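In: Generate a structure from the sequence data that follows.
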Amino acid sequence: MTEMTRPWASPQVNPCPQDFRVVVRIDSWESTSVYPNGHFVRVLGRIGDLEGEIATILVENSISVVPFSEAQMCEMPVNTPEHPWTVSPEEEQGRKDLRKTLLVFSIDPKGCEDVDDTLSVRTLNDGNLELGVHIADVTHFVAPNSYIDIEARTRATTYYLADRRYDMLPSVLSTDLCSLLGGVDRYAVSVLWELDKTSYEIRRVWYGRTIIRSAYKLFYEVAQELLDGNFSVVEEIPELRALDEESRRTRLEELAWAVGKLTDIARHVRAKRNRCGALELEGVEVHIQLDEKKNIHDLIPKQPLEVHETVAECMILANHWVARKIWESFPHQALLRQHPPPHQEFFSELRECARAKGFFMDTRSNKTLADSLDKANDPGDPVVNRLLRSMATQAMANALYFSTGSCAEEEFHHYGLALDKYTHFTSPIRRYSDIIVHRLLLAAISKDKKMEIKENLFSNKDLEELCRHINNRNRAAQRAQKQSTELFQCMYFRDRDPEAEERCTSDGVIYSIRTNGVLLFLPRFGIKGAAYLKNKDGLVISCGPDGHSEWKPGSLQRSQNKITSTTTEGASVTFHLFDHVTVRISVQASRCHSDIIRLEIISNKLHMTPGAEPFLQSALLLKSDLVKEVTRSVEEAQLAQEVPRDSIQEEYQEYRQTKGKSLYMLLEEIRDLALLDVSSSCRI
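Out: Reported below is the predicted structural model:
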């Protein structure tokens, strides 16, 4: 345990160093003593120092980041200038070679080095389209039960923190031989679909091992510019810089067509899932912008782009079809991912907030919830829809990996994606679950019934145990990422004068009412936190005619969607759900815990933070209007013609929700009996 977690321990050695985070081990705890006995293990770092705080986050989440061992590295292939890695003749014989037949490219965030996935699209001779998703073939380099396989299984995932990552695999694989970089030959596992040229319905699908050579490594922003028809970004595509003007224009038009066609396909695929209840949820995601010395330059909320949805939809499609394939071949030992429906009680705050804005949230199913969220748009305040989607996200249960032999088929479904079967196939460089899925897929398509890979598949019992481990490690990774983001948010505002620094004043939106304050969301910085309306001296907030606040004697009165502060002088101010207020940001330091952001309402008027206008407007792009239009057009086309009953039943079976009560729902109802109403004391 670290000093950040209580209880205090009485160390059996010399006093621990002061002003440092340390690890101690509890040895015993006598019944007559308030404190346990323990011993000092090691120093993590000085309180407030970046490396010490990061080390604390890792220890708190049981994340080990020791270097890979010599035995593990001895299993790795060699790729040096003196001994470059090349495609072997044996692999060329056993794989489909796509290097000269397909235009393959990746679309990733800036700075991405571990490129798991690439895409392709082309027109076939008969006019139909071929869509390809090509994923790094990690299993070629990671043999079952090898030293590196056991290490990857233990780590289970790559840990992404705000300023760094800790890889699941050695860099010779994660950022080199497995990374689908531009202009080099790489092994891949591909899924190729033939699509109808007009309806984009899937005609056939092919799975297999391939050899690819990615032509371009695009960033999301560049791909979006190409999608928007802005070809001036050609200078930001390194692969085109050295070409003459005519060749560059030809290659650029070819690439722009591919990005546009992928997006068009993704819109139709998304429209189909939308009709079946797919949810578009929202999380608070912030990019920490650092300078060369790792000092924080800015906090930038993620800007939504349609090309994000394009890539995500292609990955979801691949994951879904691979899930179907491995389940068909191994119905009792396939690794899938389920997302149970949330308990209705968890939607109560969402429904209350929506009602405050005049919206109705129908939460009976994922379809009705998705429709309700789509309708809950305030033209004058795009943050409203973003907050409602964020609250819907918080009400959701966690998606979990499981073995198909451990529960009934009706419980396989993924509530958020509206898919009957789903898995993770597209990120084997950073998720061990995907490595298992690759092995299952390759075993499923193998013509050799005695293939060694089939002999190394997990039994249902062993796979279920592995899923529990991976789920545990995923939760640790999510906590560590969240804590590291909060750490950098605190560092950004730390040692600043809140009253003088412009960055410490921001617009905030009230999204929840509590007995002694409100919960705020700050769109500019992606921060959520509490603001008191009554301070520790018992004074309440009062706002004058100009909106600026001060503390005076008085009382608070809370009702369903608002809270009123009334001074003894008779002056009152009321704060409603979704009101915009001006917030002062400061940092409360702590020796025993991590620092926390403190929010203080200094005016009941909106504060327009410089640079916030584009962000607020971009929130309108949370769901593309083009996707909505495609959804409407498809629905109208369906109404205009008679659809065969067996086709409807097939789609229903593919996308339906669970019928009847699952074990999960039963346990949730039992859990609900023990729930207490603690909303009024929610860390405020």
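In: Can you give me the domain assignment for the protein?
Out: For the chain, automatic domain parsing gives the domain ranges 10-60, 71-331+416-491, 496-610.
In: Of these, which is nearest residue 350?
Out: Distance to residue 350, taken as C-beta to C-beta, is lowest for domain 496-610 among the domains of the chain, at 10.2 Å. (Glycine included, C-beta is placed from N, CA and C.)
In: any idea of the mean pLDDT for that closest one?
Out: For domain 496-610, the mean pLDDT works out to 89.
In: would you list the domains of the chain in JSON lines and tack on distance to residue 382 and mean neighbour count?
Out: Listed next are the domains of the chain as JSON lines, based on distance: least, C-beta to C-beta, whole Å; neighbours: other C-beta atoms under 10 Å:
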{"stretch": "domain 10-60", "distance to residue 382": "33", "mean neighbour count": "15"}
{"stretch": "domain 71-331+416-491", "distance to residue 382": "11", "mean neighbour count": "18"}
{"stretch": "domain 496-610", "distance to residue 382": "9", "mean neighbour count": "17"}
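In: Just put those in CSV and tack on distance to residue 379.
Out: CSV is the format used below for the domains of the chain (distance: least, C-beta to C-beta, whole Å):
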stretch, distance to residue 379
domain 10-60, 41
domain 71-331+416-491, 18
domain 496-610, 14
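In: mind checking which of those domains is nearest residue 410?
Out: For the domains of the chain, proximity to residue 410 was assessed by C-beta to C-beta; domain 71-331+416-491 is nearest, at 9.2 Å.
In: ok, back up a step: nearest to residue 355, of the domains of the chain?
Out: Comparing those by their distance to residue 355 (C-beta to C-beta), the top pick is domain 496-610, with 7.4 Å.
In: Please state the offset of that closest one from the chain centre?
Out: Relative to the chain's own centre, domain 496-610 is displaced by 29 Å; criterion: C-alpha atoms, centre = their mean, to the nearest Å.
In: Just give me the longest helix of this protein.
Out: The residue-count maximum for a helix in the chain (DSSP state H) belongs to helix 460-493.
In: Nearest residue to residue 381 in space, please, no chain neighbours.
Out: Nearest residue to residue 381 in three dimensions, chain neighbours excluded: residue 578, at 7.0 Å (C-beta to C-beta, 6 or more residues apart in numbering).
In: So the one you found: helix, strand or coil?
Out: Following DSSP: H, G, I helix; E, B strand; the rest coil, we place residue 578 in the coil state.
In: cool, and residue 410?
Out: Here residue 410 is recorded as helix under three-state DSSP.
In: who touches residue 427 in this structure?
Out: Residue 427 makes contacts with 116, 117, 135, 434, as judged by C-beta atoms under 8 Å, 6 or more residues apart in numbering.
In: where's it relative to residue 169, distance?
Out: 12 Å (C-beta to C-beta, to the nearest Å).
In: next one: phi and psi at residue 203?
Out: For residue 203, the backbone dihedrals (degrees, to the nearest 10) come out as phi -90, psi -40.
In: Thought residue 195 was touching it, still the case?
Out: Yes. Here residue 203 reaches residue 195: they are 6.7 Å apart, a contact under C-beta atoms under 8 Å.
In: Common neighbours of the two, please.
Out: Contact with both residue 203 and residue 195 is made by residues residue 128, according to C-beta under 8 Å, 6+ apart.
In: re the thing from before, what's the closest of the contacts of residue 427 to residue 299?
Out: Using C-beta to C-beta, residue 116 is the member of the contacts of residue 427 that sits closest to residue 299, with 27.0 Å.
In: Could you pull out the helices in the stretch 451-600 of the chain for me?
Out: Using DSSP state H, counting those that start in this stretch, the helices of the stretch 451-600 of the chain run over residues 452-455, 460-493.
In: Now render these as TSV, adding mean pLDDT and distance to residue 598.
Out: Below are the helices of the stretch 451-600 of the chain laid out as TSV (pLDDT from 0 to 100; distance: least, C-beta to C-beta, whole Å):
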stretch	mean pLDDT	distance to residue 598
helix 452-455	67	55
helix 460-493	95	9
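In: can you tell which of those is closest to residue 235?
Out: Between residue 235 and the helices of the stretch 451-600 of the chain, the tightest spacing by C-beta to C-beta is seen for helix 460-493, at 31.3 Å.
In: how far does the closest one sit from the chain's center?
Out: With C-alpha atoms, centre = their mean, you get 11 Å for helix 460-493.
In: For the remainder of this discussion, apply numbering that starts at 280.
Out: Yes, from this point I'll number from 280; that puts the last item at helix 739-772.
In: list the helices and strands the helix or strand that contains residue 544 packs on?
Out: Assigned by DSSP states H and E, residue 544 belongs to helix 524-554. Judged by 3 or more C-beta pairs under 8 Å, 6 or more residues apart in numbering; DSSP states H and E, helix 524-554 is in contact with strand 384-387, strand 396-402, strand 408-415, helix 499-506, helix 517-520, helix 585-608, helix 904-918.
In: Give the next helix or strand downstream of that helix.
Out: Remark: after helix 524-554, the chain's next helix or strand is strand 565-569, criterion DSSP H and E.
In: In CSV, list the C-alpha atoms belonging to that following strand.
Out: Presented in CSV, the C-alpha positions along strand 565-569 are these (Å, rounded to 0.1, in the frame of the first residue of the first chain):
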residue,chain,number,x,y,z
VAL,A,565,-9.0,15.5,-22.7
HIS,A,566,-5.8,15.7,-24.6
ILE,A,567,-2.8,16.8,-22.5
GLN,A,568,-0.6,19.0,-24.7
LEU,A,569,3.0,18.9,-23.4
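In: Over it, what's the mean pLDDT, rounded is fine.
Out: Averaging pLDDT along strand 565-569 yields 83.
In: partner strands of it, parallel or antiparallel?
Out: Sheet pairing of strand 565-569 (DSSP bridges) gives strand 575-580 (antiparallel).
In: Quick check: mean pLDDT of the strand it pairs with?
Out: Mean predicted lDDT for strand 575-580 stands at 84.
In: likewise stretch 342-358?
Out: 95.
In: Same check on stretch 704-717?
Out: For stretch 704-717, mean pLDDT is 98.
In: Span of that stretch from start to end?
Out: 7 Å (C-alpha to C-alpha, to the nearest Å).
In: ditto for stretch 388-408
Out: One end of stretch 388-408 to the other measures 27 Å (C-alpha to C-alpha).
In: can you put the helices and strands packed on helix 524-554 in a markdown table and add distance to residue 699?
Out: As requested, the helices and strands packed on helix 524-554 are exported to a markdown table (distance: least, C-beta to C-beta, whole Å):
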| stretch | distance to residue 699 |
| --- | --- |
| strand 384-387 | 28 |
| strand 396-402 | 23 |
| strand 408-415 | 20 |
| helix 499-506 | 30 |
| helix 517-520 | 40 |
| helix 585-608 | 8 |
| helix 904-918 | 20 |
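In: looking at those, which has the lowest confidence?
Out: The stretch with the lowest mean pLDDT among these is helix 904-918, at a mean of 45.
In: would you list every one of the strands in the stretch 630-779 of the chain?
Out: Listed in chain order, the strands of the stretch 630-779 of the chain (DSSP state E, counting those that start in this stretch) span 679-682.
In: Dump the helices of the stretch 730-879 of the chain to JSON lines, plus distance to residue 521.
Out: Shown next, in JSON lines, are these (distance: least, C-beta to C-beta, whole Å):
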{"stretch": "helix 731-734", "distance to residue 521": "42"}
{"stretch": "helix 739-772", "distance to residue 521": "38"}
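In: Might you report the residue contacts of the residue nearest to residue 407 when sequence neighbours are not counted?
Out: Computed as C-beta to C-beta, 6+ apart, the closest residue to residue 407 that is not its neighbour in sequence is residue 476, at 4.9 Å. Contact partners of residue 476, counting by C-beta under 8 Å, 6+ apart, are 402, 405, 406, 407, 408.
In: Against residue 530, how distant is the last one?
Out: Residue 408 sits 20 Å away from residue 530, taking C-beta to C-beta as the criterion.
In: what does the first one give?
Out: Plainly put, residue 402 is 17 Å away from residue 530 if you go by C-beta to C-beta.
In: thinking residue 417 is in contact with residue 456, fair?
Out: No. Counting by C-beta under 8 Å, residue 417 does not reach residue 456; the two are 9.5 Å apart.
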